[in-house]
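**Student:** what's the 3D shape of this:
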Amino acid sequence: MAPGGQCTPRPRPAAEAIQGWGLSRRRGAEAAPPAPQPDRPADLDGRTVIRSDDEGQALSEAEAASVGKRLGERLLSLGAREILERILAEHAGMEGPLLPILHAVQDAVGHISAAHVARIAKALNLSRAEVHGVVSFYHYFRQHEPGRHVVHVCRAEACQAMRGEQTELHARRELGVDYGGTSADGLFTLEAAYCLGNCAAAPTVMIDEKLYGRVTPERLAAILAEWRNR
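**Tutor:** Numbers count the residues shown, from 1 in each chain. I've put the predicted structure just below:
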């Protein structure tokens, strides 16, 4: 009671004041009409573009380009997603399916992108870091689209003992790339291998699924020329 018999309002506790402010905010939000949202087309000229996040929402081509540029995410076309979903279904219920799934994806599309990692992680109830850790640990798995042909040069001890270093050096010089790189013409991706099971005929090179033994620098040049003309 204030002097003179007038009542003064009781100060509101901080928590109560905050709660009242939040309530007024909610009431104001309820009263305001929702902002119109543009429709997201599910199909764009027969092709759906999905984002490499866990939501997999359909995006317009402009939105997809913006998302990819801003976040650096790889996008999956409808066909690529169908391949991935088929592989996941084929391995459903398998014990320890991660490695078989990764091998199947790379065999089907040639590499394992960030979008593949995100979808596989969700399907297997793993984190993206866990899946990416496996992909990055094994040299066999590629995270970027390869060239038309993949050249594996063996770097195991038997090949090194048979002057395999010279074959390696020639491969890098002729293709103009180091291991993991793709030649400027897009024909060859150079990969290191650690034993191709052909030690008796070292040094060994494998292009796609074809194995070559006793590959000297001169023979490698002839082999690459043959593959260029295919």
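
**Student:** So this structure: which segments form each domain?
**Tutor:** Domain assignment for the chain by automatic domain parsing gives 41-145, 149-225.

**Student:** what's the first-to-last distance across the shortest one?
**Tutor:** Here the two ends of domain 149-225 are set 13 Å apart, with distance taken as CA to CA, to the nearest Å.

**Student:** could you give me the average pLDDT of stretch 133-149?
**Tutor:** The pLDDT scores in stretch 133-149 average 91.

**Student:** Numbering from 58 from now on, please.
**Tutor:** All set: I'll call the first residue 58, so the last point we hit is now stretch 190-206.

**Student:** Which residues does stretch 156-174 contact?
**Tutor:** By CB atoms under 8 Å, 6 or more residues apart in numbering, the residues outside stretch 156-174 that reach it are 107, 109, 130-133, 137, 140-141, 144-145, 147-148, 151, 177, 181, 185, 188-189, 191-192, 197-203. Backbone N, C-alpha and C define where each C-beta goes, glycine included.

**Student:** Do me a favour and get the end-to-end distance for that stretch?
**Tutor:** End-to-end for stretch 156-174, by CA to CA: 12 Å.

**Student:** So which bits of that stretch are buried?
**Tutor:** Going by neighbour count (16 or more other CB atoms under 10 Å), the buried part of stretch 156-174 is 158-159, 161-163, 166, 168-174.

**Student:** ok, now stretch 280-287?
**Tutor:** Quick answer for stretch 280-287 (16+ other CB under 10 Å): Ile280, Leu281.

**Student:** before we move on, back to that, which two among the buried residues of stretch 156-174 are spaced furthest apart?
**Tutor:** Ala161 and Ala171 (17.8 Å; CB to CB).

**Student:** Would you map the helices across this structure?
**Tutor:** All helices of the chain, identified by DSSP state H, fall at 71-88, 118-128, 135-147, 155-166, 171-180, 185-194, 214-218, 221-232, 274-285.

**Student:** I'd like the ones you listed written out as CSV, with distance to Gly254 added.
**Tutor:** Shown next, in CSV, are the helices of the chain (distance: least, CB to CB, whole Å):
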stretch, distance to Gly254
helix 71-88, 66
helix 118-128, 40
helix 135-147, 26
helix 155-166, 17
helix 171-180, 28
helix 185-194, 21
helix 214-218, 10
helix 221-232, 15
helix 274-285, 19
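
**Student:** And the ones you listed: which comes nearest Asp242?
**Tutor:** Nearest to Asp242 among these is helix 274-285; the distance by CB to CB comes to 8.3 Å.

**Student:** Please name every helix or strand in contact with that closest one.
**Tutor:** helix 221-232, strand 262-264 (3 or more CB pairs under 8 Å, 6 or more residues apart in numbering; DSSP states H and E).

**Student:** what lines up beside the last one in the sheet?
**Tutor:** When sheet partners are counted by DSSP bridges, strand 262-264 sits next to strand 206-211 (antiparallel), strand 267-269 (antiparallel).

**Student:** Please identify the deepest-packed of those.
**Tutor:** strand 206-211 (a mean of 22; mean count of other CB atoms under 10 Å).

**Student:** Which secondary structure element of this structure has the lowest mean pLDDT?
**Tutor:** In the chain, the helix or strand scored least confidently by mean pLDDT, DSSP states H and E is strand 106-107, which has a mean of 40.

**Student:** For Glu248, give me its contacts.
**Tutor:** Residues counted as contacts of Glu248 (CB under 8 Å, 6+ apart) are His196, Arg199, Val207, Val208, His209, Val210, Tyr236, Gly237.

**Student:** what do you get if the cut-off is 7 Å, keeping everything else the same?
**Tutor:** By CB atoms under 7 Å, 6 or more residues apart in numbering, Glu248 lies in contact with Val207, Val208, His209, Tyr236, Gly237.

**Student:** Many thanks, we can stop here.
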